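In: model this:
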Amino acid sequence: MAAASCSKPEDIENVVGSLARESGGGLITITDTFLVEHRDLVVGLAARNRLPAIYGSGIFMASGGLMAYSADYPDIYHRAAGYVDRILHGARPADLPVQEPAKFNLSINLKTARALGLNLPQSLISQANDVTE
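Out: Predicted structure coming up:
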């Protein structure tokens, strides 16, 4: 299964169940309001199905998610303040370049990794911004 969209909790159950049946399967999520609202279900199903998962927001880590990789939002807000300053000093918004995130955060939950029977390389763990034991 390459990509799937979910619009109700039953969809999440079907997608995670389908991924779990695939050999060597895993789950990568984007961050949207639906998945954030149902993060406990997503993380719980991934754990129950022993499916490694990486999430697009650190908020999934509080629910026991394995890993999260996301933009550093405080850095984005800090840089946005610079744009506001430039606009207040006369810059035209249309003349300002679109900026992409420049910093990212990697979070790893070693307790979840152990529960899944995963032995994560130390080189990956050492690069993480947040490691939960």
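
In: tell me the SS of the closest residue to I28 other than its chain neighbours?
Out: In this structure, I28 finds its nearest non-sequential neighbour in I54, 5.4 Å apart by Cβ to Cβ, 6 or more residues apart in numbering. Quick note: C-beta positions are derived from backbone N, CA and C, even for glycine. The three-state assignment at I54 reads strand, by DSSP: H, G, I helix; E, B strand; the rest coil.

In: what packs against the lowest-mean-pLDDT helix or strand in the chain?
Out: Using mean pLDDT, DSSP states H and E, the weakest-scoring helix or strand in the chain turns out to be helix 9-21, at a mean of 91. Contacts defined by 3 or more Cβ pairs under 8 Å, 6 or more residues apart in numbering; DSSP states H and E place helix 9-21 against helix 39-48.

In: using the three-state scheme, assign the residue lying farthest from the centre of the chain.
Out: Distance from the C-alpha centroid of the chain peaks at G90, with 36.9 Å (Cα atoms, centre = their mean). Per three-state DSSP, the secondary structure class of G90 is coil.

In: just to revisit the earlier point, extract the CA atoms of the least confident helix or strand of the chain and return them as CSV.
Out: Output in CSV follows, covering the C-alpha atoms of helix 9-21 (Å, rounded to 0.1, in the frame of the first residue of the first chain):
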residue,chain,number,x,y,z
PRO,A,9,-11.6,6.1,12.6
GLU,A,10,-12.6,2.9,10.8
ASP,A,11,-10.3,3.9,7.9
ILE,A,12,-7.4,4.1,10.3
GLU,A,13,-8.1,0.6,11.5
ASN,A,14,-8.3,-0.7,8.0
VAL,A,15,-5.1,1.0,6.8
VAL,A,16,-3.0,0.0,9.8
GLY,A,17,-4.3,-3.6,9.6
SER,A,18,-3.5,-3.7,5.9
LEU,A,19,0.0,-2.4,6.5
ALA,A,20,0.6,-4.9,9.3
ARG,A,21,-0.2,-7.8,6.9
